[in-house]
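Undergrad: The following comprises the amino acid sequence and a computationally predicted model.
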Protein chains: 2
Amino acid sequence: MMEQKLYELHSQMCRVFTSPKRLEILNLLRDKELSVGELEKLVKFRQANLSQHLSILREKGIVKTRRDGTTIYYSLVDTKIGKAFDIMREMLLERLAQTEKLSRDIRKIKRA
Amino acid sequence: MMEQKLYELHSQMCRVFTSPKRLEILNLLRDKELSVGELEKLVKFRQANLSQHLSILREKGIVKTRRDGTTIYYSLVDTKIGKAFDIMREMLLERLAQTEKLSRDIRKIKRA
DNA sequence: TTCAAATATTAGCATATATGAATATTCCTG
DNA sequence: CAGGAATATTCATATATGCTAATATTTGAA
């Protein structure tokens, strides 16, 4: 079915979000464009590795670039990325809250 | 920073969506619970492989199970999953439309 | 045209992931 | 409690991914 192709493409796109480093980059680019150099200062990993991740984000069409001299600025192609990011993080935080609650309950039971 | 831990967990959660098969399963479970057997009929891959993917979804806390006799029913833990799914697919479809448009434009230029 | 700054790419290795085949577990029924 | 149906797990292997280190490319300016 055609549907299978969509699942395939969909999963390809989601691969972009499976790296903490790429998530950090995307979060930094959320509302402004940044040059590679600016990103490099904000982030804890090496320039080459940063470039590799930016390259992946480019290939997948998640970010776009603008050149000014030797400086290259990166920005998001689609602000929906931010929404997707937020929904995931909400789910994550809810889950963490649950886990917290769970471990509090367990402590309560143990004391009883 | 604490933030790094969140990116790590966030990326872990996103890994769940990097398999077309898991996306298909999640889409089937979107609004109803289904047993493994029912899923097996709706899907084109083997039972063992289906179980493997369900196991991954369970581990990550994306789906929950209910047992009735030997039958096990699966359902989504959080309906936000559906929203996340939709946002991704919207982005995907927009991109495909763009690409379509692009290739139409190219054909137009070639004809001119 | 040469140099340095900014960014990108490649190669090699280590780790993670997906799959099929085989096997195990759980639970109901007779 | 033996057998069968439903589901899960394990193992081996193939493929993909991420990282570092080294190197390349592009561009502006002297």
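TA: Now that the structure is in, tell me what you want to look at. Residues are numbered from 1 along each chain as shown, chains lettered A, B, ... in the order given.
Undergrad: what's the average pLDDT for stretch A:76-93?
TA: When pLDDT is averaged over stretch A:76-93, the result is 92.
Undergrad: so how far is that stretch off the chain centroid?
TA: Here stretch A:76-93 shows a centroid-to-chain-centroid distance of 8 Å under the convention CA atoms, centre = their mean, to the nearest Å.
Undergrad: touching chain B at all, that stretch?
TA: Yes. Counting by CB under 8 Å from any CB of the partner chain, chain B has neighbours in stretch A:76-93: A:78, A:80, A:81, A:83, A:84, A:87, A:88, A:89, A:90, A:91, A:92. Every C-beta, even on glycine, is put in place using the N, C-alpha and C of the backbone.
Undergrad: any low-confidence regions in chain A?
TA: A:1, A:101-102, A:105-112 (pLDDT under 70).
Undergrad: Quick one: name the residues of chain A near DNA strand D.
TA: Contact residues, chain A versus DNA strand D (CB under 7 Å from any atom of the strand): A:15, A:18-19, A:21, A:45-46, A:48-49, A:52-53, A:56, A:67, A:69-70.
Undergrad: Give me the three-state assignment for the most centrally placed residue in chain A.
TA: Geometric centre of chain A, nearest residue: residue A:23, 2.2 Å, by CA atoms, centre = their mean. Classification of residue A:23 using DSSP: H, G, I helix; E, B strand; the rest coil returns helix.
Undergrad: surely it meets residue B:9?
TA: No. Judged on CB atoms under 8 Å, residue A:23 makes no contact with residue B:9 at a distance of 10.0 Å.
Undergrad: What residue spans form the domains of chain A?
TA: For chain A, automatic domain parsing gives the domain ranges A:1-77, A:79-112.
Undergrad: Please work out which of the ones you listed is packed deepest.
TA: Of all the domains of chain A, domain A:1-77 has the most neighbours on average by mean count of other CB atoms under 10 Å in any protein chain shown, namely a mean of 16.
Undergrad: Just read off the phi/psi values of residue A:58.
TA: phi -70, psi -50 (degrees, to the nearest 10).
Undergrad: Leaving out sequence neighbours, find the closest residue to it.
TA: Once flanking residues are discounted, residue A:58 sits nearest to residue A:65: 6.7 Å by CB to CB, 6 or more residues apart in numbering or on different chains.
Undergrad: Write down the beta-bridge partners of the one you found, one by one.
TA: Using DSSP bridges, the bridge partners assigned to residue A:65 are residue A:74.
Undergrad: Report the contact partners of it.
TA: Contacts of residue A:65 were listed using CB atoms under 8 Å, 6 or more residues apart in numbering or on different chains, and they are A:58, A:72, A:73, A:74, A:75.
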